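Engineer: Structure here, sequence nowhere to be found:
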DNA sequence: TCTGGGGTCCTAGGACCC
DNA sequence: TCTGGGGTCCTAGGACCC
């Protein structure tokens, strides 16, 4: 007999930033004023990454532009993100959770599922529920006292209901959503608050006169399937509180990796675009080699200054992890489909990954051997001396960063996604 | 100086094969 | 010479999550 806990850090980036600043001697607590963590507007990354509860009261939401957020709240305080700090905060929280349960599934940097096993002599019922709530309260309090930030803990019989419960009133709360509480606590909620019901699905459901989670739960699943195909069945199950996915700490196999970047200036010429593709291929291929995979499909994504996004992909003649080969392919794709308009964003993604073992053993690719050697050597140098230790000559007198996208670090956190489609 | 970056999964439609 | 049908592979696009 077990329950699932879902732990969710309240306003994660903003809370962590606030705690850090207080520790550094700042007297102002960002959580108590309208404040957001936001990207750099000069670099055209100006969106809200996290908001304080007072900022939320102005109608500011995550993902909107800082420009828009300031319109809603002229005195808004904006602070830049500090990802290394957030990773440390996340690690510290998981260390505390480990004192409570042995099985933890990290779902994102600020969310985790815990498998809470009841003592073998305890039968399901009010005693068991009370025991779970008491444990969750202790966990929540310990995190607050030792780390200085607050979390919500949702308790349920499965991951879905635990996650829904953690979304109830915030901050610093423990909520339950046991099966017998579903009609009272979950069914009256608007349908878009159900996990996996986004804006598009909510709009469609409203078109069918379904406004609440309870209405969705009471609809014939055949009908939902007809309207929304496979995801429809999933959300119908969720609406009924059904989810049999397990809490697991086994990492999910990586299906694809990629890096993309909104550029600080619009790109209008082919040579610059090719150089940016190289900077993106460098990081993406480095990550690919780190997980010992080769890619069989490569795709290039472009976003125009008018914010039109399009993507083209192709299958490689043979799997590879060689930076220069991936770059070559990305340039070929780019030349074939770029519509010649100014570009504000470019990306390179690799998918259909396979093991690199055969490839490494292959002696047929002797002419590739020097590429392998080169990549391996560069990877090792960057690991030892930092990612900026080695870069290609073409970047030396260029405004373009030689490596674009996520920087590899030893402690780089990888968070497996929830198994959404069962 | 107004719109990020990392993913997963599903579906439709075309090409191609038998 | 009046155009079935199943299956696979591939690509583009969309939806969702944090």
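Structural biologist: Perfect, I can see it now. Since we're looking at a predicted model, the values are computed, not measured.
Engineer: From here on, just use CA atoms for contacts and neighbour counts.
Structural biologist: OK.
Engineer: those strands in chain A, which residues are they?
Structural biologist: A:2-9, A:35-38, A:48-51, A:77-79, A:104-108, A:111-117, A:151-156, A:174-176, A:256-267, A:293-304, A:309-320, A:343-355 (DSSP state E).
Engineer: Distance from the chain centre to the first one, please.
Structural biologist: Offset of strand A:2-9 from its chain centre (Cα atoms, centre = their mean, to the nearest Å): 18 Å.
Engineer: can you check the second one too?
Structural biologist: Remark: strand A:35-38 is offset 18 Å from the chain centroid, using Cα atoms, centre = their mean.
Engineer: Tell me the strands beside it, with direction?
Structural biologist: strand A:48-51 (antiparallel), strand A:77-79 (parallel) (DSSP bridges).
Engineer: Is DNA strand B within reach of the longest one?
Structural biologist: The one in question is strand A:48-51. Yes - using Cα under 7 Å from any atom of the strand, strand A:48-51 reaches DNA strand B at residue A:49.
Engineer: I'd like to know how many residues surround residue A:291.
Structural biologist: For residue A:291, the neighbour count with other Cα atoms under 10 Å is 12.
Engineer: I'd like to know how many residues surround residue A:284.
Structural biologist: Neighbour count for residue A:284, taken as other Cα under 10 Å: 29.
Engineer: quick one on the thing from earlier: any chance of JSON lines for the strands of chain A, columns distance to residue A:92 and mean pLDDT?
Structural biologist: Formatted as JSON lines, those follow (distance: least, Cα to Cα, whole Å; pLDDT from 0 to 100):
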{"stretch": "strand A:2-9", "distance to residue A:92": "12", "mean pLDDT": "98"}
{"stretch": "strand A:35-38", "distance to residue A:92": "21", "mean pLDDT": "97"}
{"stretch": "strand A:48-51", "distance to residue A:92": "20", "mean pLDDT": "96"}
{"stretch": "strand A:77-79", "distance to residue A:92": "23", "mean pLDDT": "97"}
{"stretch": "strand A:104-108", "distance to residue A:92": "13", "mean pLDDT": "96"}
{"stretch": "strand A:111-117", "distance to residue A:92": "13", "mean pLDDT": "97"}
{"stretch": "strand A:151-156", "distance to residue A:92": "13", "mean pLDDT": "98"}
{"stretch": "strand A:174-176", "distance to residue A:92": "20", "mean pLDDT": "98"}
{"stretch": "strand A:256-267", "distance to residue A:92": "27", "mean pLDDT": "95"}
{"stretch": "strand A:293-304", "distance to residue A:92": "30", "mean pLDDT": "96"}
{"stretch": "strand A:309-320", "distance to residue A:92": "37", "mean pLDDT": "94"}
{"stretch": "strand A:343-355", "distance to residue A:92": "32", "mean pLDDT": "96"}
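Engineer: partners of residue A:155 in the sheet?
Structural biologist: Beta-bridge partners of residue A:155, as defined by DSSP bridges: residue A:5, residue A:176.
Engineer: And it, how far from residue A:161?
Structural biologist: Going from residue A:155 to residue A:161 by Cα to Cα, to the nearest Å gives 7 Å.
Engineer: Could you tell me which residues touch both of these two?
Structural biologist: Contact criterion Cα atoms under 8 Å, 6 or more residues apart in numbering; residues shared by residue A:155 and residue A:161: A:177-178.
Engineer: ok so, going back, give me whichever of the strands paired with strand A:35-38 is most buried.
Structural biologist: Across the strands paired with strand A:35-38, the average number of neighbours (mean count of other Cα atoms under 10 Å) peaks for strand A:48-51, which reaches a mean of 24.
Engineer: any idea of the mean pLDDT in stretch A:64-76?
Structural biologist: Averaged over stretch A:64-76, pLDDT sits at 95.
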